[in-house]
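Participant: Pasting the sequence and the predicted coordinates here, then a few questions.
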Amino acid sequence: MQTETQNQTEVVPTSAPMTGSNRNKVQALATRYGIVIAFFLLCVVLSFLNKYFLTTGNVVNILQQTSINGILALGMTLVILTGGIDLSVGSVMAISSMVAATFVSGDHPRSLWLVVPLGLSVGAFLGFINGLTVAYLKVPSFVATLGMLSVARGITYAYTDGQPVPNLSDTFLSLGEGTVLGVPLPIVVLAVLFGFLWWVLTHTTYGRSIYAVGGNVRSARAAGISTKRITASVYIFSGALAAMGGLVLAARTSAALPQAGVGYELDAIAAVVIGGTSLTGGVGSAAGTLLGALIIGTINNGLDILGVSSAYQQIVKGAIIIVAVLLDYSRHSNE
Amino acid sequence: MLLRARGVAKAFSGVPALSNGQLDLQAGSIHALCGGNGAGKSTFLNIITGTLRRDSGTIRFKGKEVDFHGPKEALDAGISIITQELSPIPGMTVAENLYLGQLPLRFGLAVDWPTLYQRAEELLGTLGFKINPRRQMRELSLAQIQLVEIAKAMNREDSSVLIMDEPTSALGEQEAELLFASVRRLAALGKGIIYVSHRMTEIFKLCDAYTVFRDGQFVATGQTKDTDRKQLVSAIIGRNYQDQFPATKAQITATPLLRVKHLGVRGRLDDINLEVYPGEVLGIYGLGGSGRSRFLSTLYGLNRMDSGEVSLNEQRVRIKSPRDAIRHGVALVTEDRKTTGLVLTSSVKENISLSSLPRLSWFGIIKRMREMEWTNRWMQALRIKAASTKLEVRFMSGGNQQKVVLARALETEPKLLLLDEPTRGVDAGAKQEIYGFVENHRQKGNGVIMVSSEVDEMLGISTRIIVFRRGKIAAHFENLNLSGADLLHAAS
Amino acid sequence: MLKKMIAVGLCALSTSAGAQAAEKTKVGAAPYGLRAEFANLWVAALKKHPEVTSGKVELTVFDGRYDAVVQNNQIATMITQHFDAIEMIPVDFNGSAPQMKKAKAANIPVVISNSRVNSPDIVSTIECDDVKAGEIIMEAAAKKMGGKGNVVVFQGPIGSAGELDRSKGVKSVLAKYPDIKVLEMKTANWSRAEGLALMENWLTAHPNQINGIIGENDEMALGAIQAVKSHGLNPKDFAIVGVDGVVDAINAVKAGEMFSILQDAEGQAQGGLDLVLHAKLGDSYTPKANVWKQWEKEMPWDGGKGKEYLIPWTVITQANADQIIQHQKDLMSK
């Protein structure tokens, strides 16, 4: 992840004279590395304060606790890169996991190969509706997804009369507790999704188009990008990833709970923003978001193991979000 | 004499913007203030309305020497201006907009609505504007909004001078007529009106007097009935061209690259017929709102066309989106690089390759080596100066930014290159370079359509010129042995 | 939307009531919100009350949506619609006093179920004693730990009535065991996901030191069990306790992983309806709910005149687990 950050800021020297200002580039570098440095400092301080912080077990803890928010935040990154926002992820994860869970609960659980795609399709479908509403009906994303937040949550409660779906099959539970080569599956899922989205954003025309749409939708259209299709598609990604987060959450809590994921959209947005993605779109990276999610996870974990009250956790988290946005603004006002 | 200005001068950090501003305005007169870009009109008007302080010269208003320290002083004295940017508050009624900041109050607290509407009705009635003061601003047409702005400027009893800066630039013909009638009525009420416009037709229709500025200097003044279009345009232009452009002109060959037949866009363009042949630069000249930009964006698929047909190499094509256009070998450099050209937050490389991504990728995966190669090639070819291909374009100069947009268009290898004001806001050096690239592209046997407001550039690099006026083709010049006056004459 | 549906429902109600004269008793049921497993069980139990099934009582359910203002508006609606009686689970202990006063003035009796309100104007309260619950679970944990060791405590949302009372009970018992040390005490907001993360972090902060896990509700305790398992530990090696008796918790009790006590939704709902109907109809009304027979000694009917009825907690055991689950399923079936 650190190497990726370096890649992003790598400067290719050319023989042409410098016209862009040096100061700006130095600041941009500082902003990007600032987050890495902040994360590093956070880890150093915490490992001094608590001898267990830097143990393998605790690192696994942090990664595992980051996994769900990280998965949501990756989807959110795509949406925010286009200049939109997806407030419905918390609700979408709940309904997706509920639907999937009903197929793995009880005496005749279906195979994961059926249930996981099913859950993801539910999320993708709701995301698809978000995308249509935003891109083609021109409803502001804040409003469209706020509506979906309510609708999807309502469906969740209606689906099982507010009852949780327990007794999930062991194979399904392995999504939360299973391991691959000793690494817990949620971490593996996060890592794979991160790698995939990093690749999509940096190596594909689709990723390029997302940045262009978020940076300037009119220019993107004039340059021949199908801006509506791109805008709609990011919500599908976000919905599907929310569903994935929901499946992992259900597996970790060993039941699909109708109130699962309430307020999760805020943590996901926070991770994206802390990771340096601009809320106005066009600027940001998957690596930044992963780092943002890790910072939130690490703070929660660190303050828990230091025995700090949850009230202070909220204060610290809020302060970090504001500082991150301030950094973002200072970067944009450099012009 | 309502207003008399003599020898008004103003310099910005040593560079003179206006060196000898002069104007005599009679009460009851509609006085045209003419001049090209950079003639010093705006500076002069800003001084009269108190936005700027003059360095020297005298201004006498109603016989008294004045020196306004700010727009409010000028307003209080009775001089108002209606600029091109209107600022209505859409959610408020006409009456509220008229009396914003001076609403009549009842008991010093609540708005006295009956009085407000009564006053507004009286004011609009006196001016002869047929607008219901209870309507919301958002329900009004552009012309009506303009009338409200005029009424707002006139609602002070002592208001005597009204300055209008290109008031018809966004209006249709009928709306313009409505506006003219109102302006005449104001003049009949004894107000003095300074009317700025580039449209000769309007000036001769509406104004009784004129004053011409050029290069910050007063050039001529007089009564419109004593002059004609050619004289006036010559006074405005007064310059020699054609010495700074590539001289070669194209031979028109048999098959046209582009053929447009009866193209129409409702309310914007009507029955456009033209051809572009390989190896030529077709210049399209026209005033703002004449439909020239709309024509390019329609060809490029940014707007829908309502009627007519477009053929490339005699093959009928339907271009529904810029994507289609690029696939057919048509590329557009838009008028405003910041709002519709560049993705400012992205890098030079990303901006240049944006339109060529399909050709730079394999099943959606970008071939990064080739992308880098192409980017470097175009950066060298167009002499784009950047410390790195990863520099965000917002940190670049205007000329370099414009070259990036041009590079993007050229990288798609277009048979037909559409340029909308390709040198706007670009310094002289970069301008020359851009002319060279256009000429180069033309010489390779491609076609170019260029829209420009700069007469000398139009005459300099076009092989043929078509003039648009109010959505129609007004003139067609094959023989370019003509002057800027001819163009301006045809366009207005 | 919901409001509209209620309004439509109310219209239908008032016309039918008009047609069938005054024989039917209109009762409004106002749970804090229909999102929780418990509230749904509570509503289902109400609908199975003999007076409701026989049609003598016409029941309308209002979803308080976890918002005291919403709930107060609903009470006001019930008053203007001339409901005969109200049974409610308040969103907030202090949030409803003025509405209670208005209901009393309108001669509409109110019985509070499952919780309490800070108002003198209600008929009575029927609930399970949360202080007692705290005591029971802490005693159970202490017993399993042999009276010594280290515990962590998951609290409810700080300041909520349930958290205050259950914490009080837990602390009063802890005071009796000087050898039990509290390592951590923090809120997980009744949430399983929060309980999971918190327990993981505590297991890190206090490796091999935690003996007892006190959940002030089942959800948090269940989250803790997940964390214990994912750390490769055996829940049976811990004294894990919770309150409420949600389905997953009953299953965990069956598996020997935790101790929990049952919050009797049926008793609270149906007993409350008996109390409020008695208040409206007078002594001619005899209680119908099973809960009065079940706890004849511990909680006598007392002529329906009591102010506070405390239903004893049922300890969930491997023996009664299946029976409880089956009973809840029967309740929920339509």
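Facilitator: Noted; the coordinates are in hand.

Participant: use CA for all of it now, contacts and neighbours both
Facilitator: Will do.

Participant: Now do residue 180: how many residues are near it, please.
Facilitator: Reading this off chain A. Neighbour count for A:Val180, taken as other CA atoms under 10 Å in any protein chain shown: 10.

Participant: if you could check chain C rather than the one you did, that'd help
Facilitator: As a burial measure, C:Ile180 scores 19 neighbours (other CA under 10 Å).

Participant: In chain B, what residue lies closest to chain C?
Facilitator: At 29.4 Å from chain C, B:Gly91 is the closest residue in chain B, using CA to the nearest CA.

Participant: any idea whether that residue is helix, strand or coil?
Facilitator: Assigned with DSSP: H, G, I helix; E, B strand; the rest coil, B:Gly91 falls in the coil class.

Participant: Which residue ranges of the chain form strands?
Facilitator: Using chain A. Per DSSP state E, chain A carries strands over the ranges A:179-180, A:183-184.

Participant: You answered for a different chain; I wanted chain C.
Facilitator: Listed from the start of the chain, chain C has strands (DSSP E) covering C:25-30, C:57-61, C:85-88, C:110-113, C:124-128, C:149-155, C:180-187, C:212-215, C:239-244, C:259-262, C:308-311, C:314-315.

Participant: quick revisit: among the strands of chain A, which is the most enclosed?
Facilitator: Comparing the strands of chain A by mean neighbour count (mean count of other CA atoms under 10 Å in any protein chain shown), strand A:183-184 ranks first with a mean of 16.

Participant: about what we covered before: output the strands of chain C as TSV; include the columns mean pLDDT.
Facilitator: Shown next, in TSV, are the strands of chain C (pLDDT from 0 to 100):
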stretch	mean pLDDT
strand C:25-30	94
strand C:57-61	92
strand C:85-88	96
strand C:110-113	95
strand C:124-128	94
strand C:149-155	96
strand C:180-187	94
strand C:212-215	96
strand C:239-244	96
strand C:259-262	96
strand C:308-311	93
strand C:314-315	94
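
Participant: Any idea which of the ones you listed gets closest to chain A?
Facilitator: Of all these, it is strand C:180-187 that lies closest to chain A, at 6.9 Å by CA to the nearest CA.

Participant: Can you name the residues in contact with the closest one?
Facilitator: Contacts to strand C:180-187, defined as CA atoms under 8 Å, 6 or more residues apart in numbering or on different chains, come from residues A:307, A:309-310, C:142, C:147-158, C:174, C:202, C:210.

Participant: List the buried residues in that strand.
Facilitator: Using 16 or more other CA atoms under 10 Å in any protein chain shown as the test for burial, strand C:180-187 gives C:180-184, C:186-187.

Participant: got the contact list for B:Leu124?
Facilitator: B:130-131, B:151.

Participant: what are the ranges of the helices in the stretch 151-300 of chain A?
Facilitator: For the stretch 151-300 of chain A, the helices defined by DSSP state H, counting those that start in this stretch cover A:170-177, A:185-203, A:205-215, A:217-222, A:227-253, A:264-274, A:286-305.

Participant: do the same with the stretch 51-200 of chain B
Facilitator: Ranges of helices within the stretch 51-200 of chain B are B:71-77, B:94-98, B:113-127, B:142-154, B:173-188, B:200-206, based on DSSP H, counting those that start in this stretch.

Participant: out of the ones you listed, deepest packed?
Facilitator: Between the helices of the stretch 51-200 of chain B, helix B:94-98 has the highest mean count of neighbours, a mean of 26, where neighbours are mean count of other CA under 10 Å.

Participant: Need the three-state assignment for B:Leu418.
Facilitator: Under three-state DSSP, B:Leu418 falls in the strand class.

Participant: ok, so what distance separates it from B:Ala474?
Facilitator: As for B:Leu418, its distance to B:Ala474 is 20 Å (criterion: CA to CA, to the nearest Å).

Participant: okay, these two: which has more neighbours?
Facilitator: B:Leu418 (25 against 15).

Participant: what sits against the more buried one?
Facilitator: With CA under 8 Å, 6+ apart, B:Leu418 has these contacts: B:296, B:330-333, B:448-450.
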